[in-house]
Every structure is written in structure tokens, then in C-alpha cells.
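1. Predicted model, plus sequence, below.
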Amino acid sequence: MITFLTRFRIGPRLAAAFAILVLGLIGMGLYGSFNISCLATDLGEIKNSRVPKVERLVEMADNINLIARQTRNILIFDNLERQQEWIASIHKAVDANTKLFALVKPEIRSDEGRKLVAQAEATMKIFDQDLTDFLARSQDGDVSVATGLLDQKLRPSQLKLTAQLDNIKSREIQHLGQQADQAIAASHRAQWIGLAVISALILLCTWMSWLITRSIVGPMQRALREANRIAEGDLSANLQVRGRDEAAEMLQAMMTMQAGLRDIVAEVRELCDA
């Protein structure tokens with residue numbers, strides 16, 4: 001590998017090592033950005049879709065409980081003014097549930113969830129009709145019939161609707177928890193992969209630094225030894241040049257210099273012998 005590196009000049013070698021480091025850092029940045037984007041998407045869905053769905057289902061259940069309390073109050077308290085207030089609050093709760101259900105329904109996309117929503121929607125229609133009949137009878141003053149409607153129809157449909165909404169809510173809470181767990185697992189996985197990639201990048205950079213350093217320092221040390229040998233007057237060694245880098249060029253120059261010194265020494269000896 002070192003012999004291969006010496007075929008290239010020192011500048012390109014360092015530039016290649018720096019380019020590999022930069023590309024590794026860019027890859028790490030892109031990978032981190034991708035994982036952050038995925039995590040942001042999951043958290044955004046949890047915040048903007050799943051949590052609001054659960055909140056709306058909880059609010060619907062609270063409205064149904066409010067309706068149940070107000071219907072009992074209408075039968076228990078014989079106060080026309082208060083009854084009108086309770087009836088108004090019941091209508092308000094019904095309207096609110098209609099709007100909330102209209103928001104929840106399109107957000108349920110799985111086949112099982114849509115089936116549960118369809119069942120709840122059918123029960124809600126029955127509950128609204130039973131409530132309408134109850135309010136009509138109570139306003140007519142027919143307490144006994146209104147009481148029968150409350151016990152035999154309105155109360156059962158209210159309990160059934162509450163149970164169905166709780167079932168949908170529990171399912172959404174379960175999915176919310178699963179998505180949160182997946183997001184946490186993806187975050188941990190990204191952390192471990194990031195650490196592994198950083199470790200690999202550090203090892204690669206360390207290995208490349210060692211190779212490049214050896215490819216530069218080794219020939220330079222050889223050139224220094226040859227220069228010291230020539231300075232001591234030893235012109236007998238045959239220098240061998242390997243590579244095409246600056247160190248090889250310096251050794252080539254030293255070979256030329258050594259050959260020139262040999263010629264000079266030979267000429268001097270010839271003159272002395274003459």
C-alpha cells in the first residue's frame with residue numbers, strides 16, 4: 001500500500017485523505033438529518049393526529065356523562081327554569097359530540113378502526129333518537145313515560161356508546177404508545193449506528209494517517225540517510241528510486257549528484273596519476 005501511495009505526489013495524497021474525511025462527515029450529517037426527519041415525522045403525527053384523537057374521544061365521553069347527569073336532573077328536580085338550562089346544555093353537548101365525531105371519523109384509517117367507528121356511529125344515532133324522545137316526553141310533563149325511556153332505552157344506548165368510544169380510545173392509546181416506542185427505538189438505533197460509523201471513520205482516518213505518514217516519512221528518512229552518506233564521502237552505493245512523489249524526485253536528484261561527484265573524483269584521480 002505504501003509503495004502504491006508513493007506513485008502519487010504528497011499534495012494529492014493529503015487531499016484524498018481530507019476528501020474521504022469530509023465525505024464521511026457529510027454522510028454522517030445526511031444520516032443524522034434523515035433520522036431526525038423521521039423522528040420529527042413520528043412526533044408530529046403523535047402530536048397532530050393521535051393525541052388530538054384521544055382528546056376528542058375523552059371529550060365525547062365527558063359530554064355523554066354530562067347528558068346522563070342532566071337527564072336525571074330533569075326527572076328529579078321540578079324546576080322549569082333549571083330544566084331549560086339543562087336541556088340547553090344537553091343540546092350543546094350533542095352538537096359538540098357531532099362535531100367531534102366528524103373530526104375523529106376520517107382520522108381512523110385501519111379496517112378494524114373503521115368498523116369500530118361505524119358501530120359507534122350507529123349507536124350514536126340510536127342514542128340521539130332516544131334522547132330526543134326522552135326530552136319530548138319530559139317537556140310534555142309525562143314523567144312516567146320519560147322515566148321508562150331513560151331506564152329502558154336511553155341509559156342502555158348511553159352505556160353502549162360510552163363502551164364503544166372507550167374501545168376506540170383504548171385502541172388509539174395503544175397505537176400511540178406503539179408509535180412512541182417505535183420512535184424511541186429508532187432514535188436509539190440511530191445513536192448506535194452513528195457511534196459505529198463514527199468509530200469506523202476514526203479507525204479509517206487513523207489508518208490512512210499512518211499510511212500517508214509512512215509513505216512520506218519513510219522515503220524522506222531514506223533520502224536523509226543517503227545525503228549523510230554522500231556528505232561523508234561514500235559514493236559507492238547504488239541509489240534506487242521508487243515512486244513518483246517529491247521524495248522520489250529528491251532521491252533522483254541525489255543520484256544525479258552522486259554520479260556527478262563520481263565523475264569529478266575520477267577526473268581528479270586521472271590528473272593526479274598523470
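-> All right, it came through fine.

2. In this structure, where's the longest helix?
-> When the chain is scanned for its longest helix (criterion: DSSP state H), the result is helix 155-231.

3. list the helices and strands that helix packs on?
-> In terms of contacts (3 or more C-beta pairs under 8 Å, 6 or more residues apart in numbering; DSSP states H and E), helix 155-231 is packed against helix 2-5, helix 10-45, helix 51-76, helix 111-139, helix 246-273. For the C-beta atoms, the positions are set from N, CA and C on the backbone; glycine is no exception.

4. in the longest one, what counts as buried?
-> Applying a neighbour-count criterion of 16 or more other C-beta atoms under 10 Å, the buried positions in helix 10-45 are 10, 13, 17, 24, 35, 42.

5. which one of those sits closest to residue 240?
-> residue 10 (19.9 Å; C-beta to C-beta).

6. can you pull the contacts of the closest one?
-> Residue 10 sits next to 216, 245, 246 when contact means C-beta atoms under 8 Å, 6 or more residues apart in numbering.

7. let's see 10 Å
-> Contact analysis of residue 10 by C-beta atoms under 10 Å, 6 or more residues apart in numbering lists 212, 215, 216, 219, 220, 245, 246, 247.

8. out of these, which are buried?
-> 212, 215, 216, 219, 245, 246, 247.

9. I figured the third one hits residue 17, correct?
-> Going back to what we said before, that points to residue 216. No - the pair residue 216 / residue 17 is not scored as a contact, 11.5 Å apart, by C-beta atoms under 10 Å.

10. now the buried residues of helix 10-45 as TSV including distance to residue 258?
-> Below are these laid out as TSV (distance: C-beta to C-beta, whole Å):
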residue	distance to residue 258
10	24
13	27
17	33
24	44
35	61
42	71
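
11. Pick out whichever of these sits closest to residue 255.
-> For the buried residues of helix 10-45, the nearest to residue 255 is residue 10 (20.0 Å; C-beta to C-beta).

12. coming back round to it: the helices and strands packed on helix 155-231: which one's closest to residue 192?
-> So among these, helix 10-45 is nearest, using C-beta to C-beta, at 11.4 Å.

13. give me the low-pLDDT residue ranges for the stretch 1-150 of the chain?
-> 1-9 (pLDDT under 70).

14. Let me fix that, I meant to ask about the stretch 151-274 of the chain.
-> 239, 274.

15. again, only this time at 80
-> 212-223, 226, 230-251, 254, 258, 271, 273-274 (pLDDT under 80).

16. got the buried residues for stretch 136-153?
-> 137, 138, 146, 149, 150, 153.

17. In a markdown table, list these along with distance to residue 111.
-> Listed next are those as a markdown table, based on distance: C-beta to C-beta, whole Å:
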| residue | distance to residue 111 |
| --- | --- |
| 137 | 40 |
| 138 | 41 |
| 146 | 40 |
| 149 | 35 |
| 150 | 36 |
| 153 | 31 |
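
18. Tell me the one of these nearest residue 200?
-> residue 153 (69.8 Å).
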